[in-house]
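> coordinates for the following, if possible.
(one chain, ligands or ions: 2)
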Amino acid sequence: MPSSNHWGVAYGALFETSARNAVFQLIELVSGPRFRCHKRTKAWDKMGLVQWLKGQFLCHLVICYGFFVSGLLINLLQICTLPLWPINKQLARRINCKLGYSLTSQSVALLEWWSGTEITLYTDPENYRLYGKENAIVVLNHNFEIDFLCGWTFCDRFGVLGASKCLAKKELSYLPVIGWMWYFLEMVFIKRKWEEDKRNFVQSLQNLRDYPENFWFLLHCEGTRFTEEKHLVSMEVAEKKSLPKLKHHLLPRTKGFWVAVQNLRGTVAAVYCCTLNFRNNETPTLLGVLNGEKYHPDLYVRRIPLESIPEDEAECSAWLHKLYQEKDKFQEDYNQTGCFPGPKVTPPCRPWALINWLGWTCLLLYPLCLLLVQLVNSGSILSILATVAFCAAVSVCVRWMIGQTEVKSSSSYGLPLNNK
Ligand SMILES: CC/C=C\C/C=C\C/C=C\C/C=C\C/C=C\C/C=C\CCC(=O)SCCNC(=O)CCNC(=O)[C@H](O)C(C)(C)COP(=O)(O)OP(=O)(O)OC[C@H]1O[C@@H](n2cnc3c(N)ncnc32)[C@H](O)[C@@H]1OP(=O)(O)O
Ligand SMILES: CCCCCCCCCCCCCCCC(=O)OC[C@@H](O)COP(=O)(O)O
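Ligands and ions are numbered 1, 2, ... in the order given. Next up, the predicted model:
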């Protein structure tokens, strides 16, 4: 058994090697290939200095600090728009869309620029021209921990990020910063108990009828994230209802979809049937994104005009079940062939998310650095401890928020005790 001293020596050596190689890489970056350093380890060659930096706690702390503090400032600005609502509601909504963009796009920048993830879209080019130019209900599978982040990235590429909304479980409205922001963006929250939800749900949808910006309304009809256990339970329900079994999806809950379609007729032009998958069986996580891991998502989008969806509840439910059977087939084919049907396109990446992120980072890092210098100069133990405590609190809070995206913290919705 190696002693703790052995571990210490091993860790020290590893750190030394990494640090030395980091210096070599820096020299190489500055001087070019003429002074190529040959002492680097193969592992280091692969990882690279930048990749190494992306995995460092200090970088994560800076990112979390920027996100959290800018988020609180944005929440404060949102509160300041409250007096405007009774005077000029549309202006208040537009301002809130911009403020929402400023916060949400930071996580998009993290995915696009920090982790370098590039999303590929499979869709009909005729429909592609309409994306972002009309309101739509988006029906998306709920298998991945970063599916919301991929969704946001698409919203950004088509210019609807600030205004986009979803049908979300009530618990998400309590999330610091993000949940508070959603309140001002008129997100629709539900307890997933129909009797308690129906009035507020319908009213919230009706409120969107005169929304001043184009929006996408995201609906995860499965209602919860895919787990093997929930899949088994929902397939028992499918059997009882004599519905075909699904392999890659939970059985969709149909009431929310029907109510959304009925209340958004005349406001929304189409349903975007979206099927998301990741190449090479990747299981992406938000922590992976923070560590700079690059993922390869593929999204298949079909545009279905709203007029073609039945108005009657039973027919609409049957229509949605059929849609999920088709989606399930696309997933199965993707697993076999590695691609979705239809032409591929990568919507152009816009610079605003990055500019906004860098702007906030510079703005907030400057006072932080000044504070740190002052702290060191003052030598006050109490102030130093207070600063360390603040950083720890920010980091714990963001880590807790990231935890909410993890499937292992999924609710019991869809498990036997919760079923009707
Ligand atoms: C071009 C690019 C395009 C697109 C880009 C993609 C996306 C971008 C778009 C926008 C992004 C914007 C924001 C996103 C940001 C972040 C947020 C992300 C995610 C948060 C999402 C969530 O929180 S998901 C959780 C909440 N949502 C839902 O629950 C929706 C689904 N549920 C419903 O709709 C339900 O109908 C309901 C909640 C409204 C009501 O549910 P309830 O159960 O009360 O009633 P139902 O009638 O629906 O269900 C009862 C029937 O169900 C049967 N049953 C029982 N057990 C099960 C089971 N395990 N599975 C299936 N069915 C079951 C039961 O028998 C009842 O049947 P009856 O026949 O008797 O009715
Ligand atoms: C630069 C930014 C760095 C820090 C980023 C932190 C961002 C935290 C964002 C939290 C957003 C939370 C969205 C969670 C979406 C989600 O996946 O919810 C689960 C529900 O659907 C279903 O719930 P369940 O029934 O529990 O499966």
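
> when you work out contacts or count neighbours from here on, use the C-alpha atoms and nothing else.
Will do.

> helix, strand or coil: sort out the closest residue to His231 other than its chain neighbours for me.
Leaving out its chain neighbours, the residue that sits closest to His231 by CA to CA, 6 or more residues apart in numbering is Leu250, at 5.3 Å. Recorded secondary structure, Leu250: coil (DSSP: H, G, I helix; E, B strand; the rest coil).

> what is the neighbour count of Leu250?
For Leu250, the count of nearby residues is 29 (other CA atoms under 10 Å).

> look up how far Gln325 lies from it.
Going from Leu250 to Gln325 by CA to CA, to the nearest Å gives 11 Å.

> number of nearby residues for Val342?
Heads up, residue 342 is Gly, not Val. Other residues close to Gly342 by other CA under 10 Å number 14.

> no no, Pro416
When neighbours are counted by other CA under 10 Å, Pro416 registers 12.

> any idea how far Ala386 is from it?
Distance of Pro416 to Ala386, given as CA to CA: 47 Å.

> now Glu229, nearest residue through space, not along the chain?
Nearest residue to Glu229, sequence neighbours excluded (CA to CA, 6+ apart): Leu415, at 7.6 Å.

> isn't that neighbour right next to His231, touching?
No - Leu415 is beyond contact range of His231, at 9.2 Å (criterion: CA atoms under 8 Å).

> more neighbours, these two?
His231 (21 against 14).

> ok so Phe217 is a strand residue?
Yes - looking at Phe217 with three-state DSSP, it is inside a strand.

> now Thr275: which helix or strand?
If you go by DSSP states H and E, Thr275 is part of strand 270-278.

> sheet partners, orientation included, of that strand?
strand 136-140 (parallel), strand 297-305 (antiparallel) (DSSP bridges).

> and the next helix or strand after the longest one, how far out from the chain's middle?
Right, strand 297-305. Once the chain leaves strand 297-305, the next helix or strand it forms, by DSSP H and E, is helix 313-337. Computed by CA atoms, centre = their mean, to the nearest Å, the chain-centroid distance of helix 313-337 equals 24 Å.

> check stretch 158-167 too.
For stretch 158-167, the distance to the chain centre is 12 Å (CA atoms, centre = their mean).

> so how far is the first residue of that stretch from its last?
With CA to CA, one end of stretch 158-167 sits 20 Å from the other.

> can you start the count at 216 instead of 1 from here on
I'll keep to 216 as the first residue from here, and by that count the last item is stretch 373-382.

> can you point out the buried residues in it?
Applying a neighbour-count criterion of 16 or more other CA atoms under 10 Å, one finds 373-382 buried in stretch 373-382.

> out of those residues, who's near ligand 1?
Contacts with ligand 1 within the buried residues of stretch 373-382, counted by CA under 6 Å from any ligand atom: 379-382.

> let me have the residues you listed in JSON lines, extended by pLDDT.
Listed next are these as JSON lines, based on pLDDT from 0 to 100:
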{"residue": "Ser379", "pLDDT": "96"}
{"residue": "Lys380", "pLDDT": "96"}
{"residue": "Cys381", "pLDDT": "96"}
{"residue": "Leu382", "pLDDT": "97"}
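
> out of the residues you listed, which are inside strands?
Residues of those located in strands (DSSP state E): 380-382.

> give me the nearest residue to Ser317, chain neighbours excluded.
In space, Ser317 is closest to Asn571, 6.5 Å off (CA to CA, 6+ apart).

> ok, now which ones touch that neighbour?
317, 320-321 (CA atoms under 8 Å, 6 or more residues apart in numbering).

> please see if whichever strand or helix holds it touches ligand 2.
Asn571 is part of helix 567-593, with elements assigned from DSSP H and E. No - shown here: helix 567-593 not in contact with ligand 2 (CA under 6 Å from any ligand atom), separated by at least 7.9 Å.

> tell me the mean pLDDT over that helix?
Taken as a whole, helix 567-593 has a mean pLDDT of 91.

> that helix: how far from the chain's middle?
Counting by CA atoms, centre = their mean, helix 567-593 comes out at 25 Å from the chain centroid.

> quick check: buried residues in it?
Residues of helix 567-593 classed as buried by neighbour count (16+ other CA under 10 Å): 568-569, 571-572, 575-576, 579, 590.

> the helix or strand just after it and ligand 2, are they touching?
Remark: after helix 567-593, the chain's next helix or strand is helix 596-618, criterion DSSP H and E. Yes - contact between helix 596-618 and ligand 2, assessed by CA under 6 Å from any ligand atom, occurs at 613, 616-617.

> send me the helix or strand that contains Arg309 as CSV with only the CA atoms.
In the assignment (DSSP H and E), Arg309 maps to helix 304-324. The C-alpha trace of helix 304-324 is given here as CSV (Å, rounded to 0.1, in the frame of the first residue of the first chain):
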residue,chain,number,x,y,z
LYS,A,304,-45.8,46.7,-21.0
GLN,A,305,-44.3,46.0,-24.4
LEU,A,306,-41.3,48.2,-23.8
ALA,A,307,-40.8,46.5,-20.4
ARG,A,308,-41.0,43.1,-22.1
ARG,A,309,-38.4,44.1,-24.7
ILE,A,310,-36.0,45.4,-22.1
ASN,A,311,-36.4,42.2,-20.1
CYS,A,312,-35.7,40.1,-23.3
LYS,A,313,-32.4,42.0,-23.7
LEU,A,314,-31.5,41.6,-20.0
GLY,A,315,-32.4,37.9,-20.2
TYR,A,316,-30.2,37.5,-23.3
SER,A,317,-27.3,39.1,-21.4
LEU,A,318,-27.5,36.4,-18.8
THR,A,319,-28.5,33.3,-20.8
SER,A,320,-26.0,34.0,-23.6
GLN,A,321,-23.2,33.6,-21.1
SER,A,322,-23.9,29.9,-20.9
VAL,A,323,-24.2,29.8,-24.7
ALA,A,324,-20.7,31.4,-24.9
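
> check which element follows it along the chain.
strand 335-338.

> quick one: distance of that following strand to the chain centre.
The chain centre lies 18 Å from the centre of strand 335-338; the measure is CA atoms, centre = their mean.

> is ligand 1 contacted by that strand?
No - against ligand 1, strand 335-338 shows no contacts by CA under 6 Å from any ligand atom, the least distance being 7.6 Å.

> which helices and strands does that strand pack with?
Secondary-structure packing of strand 335-338 (3 or more CA pairs under 8 Å, 6 or more residues apart in numbering; DSSP states H and E): strand 512-520, strand 559-560.
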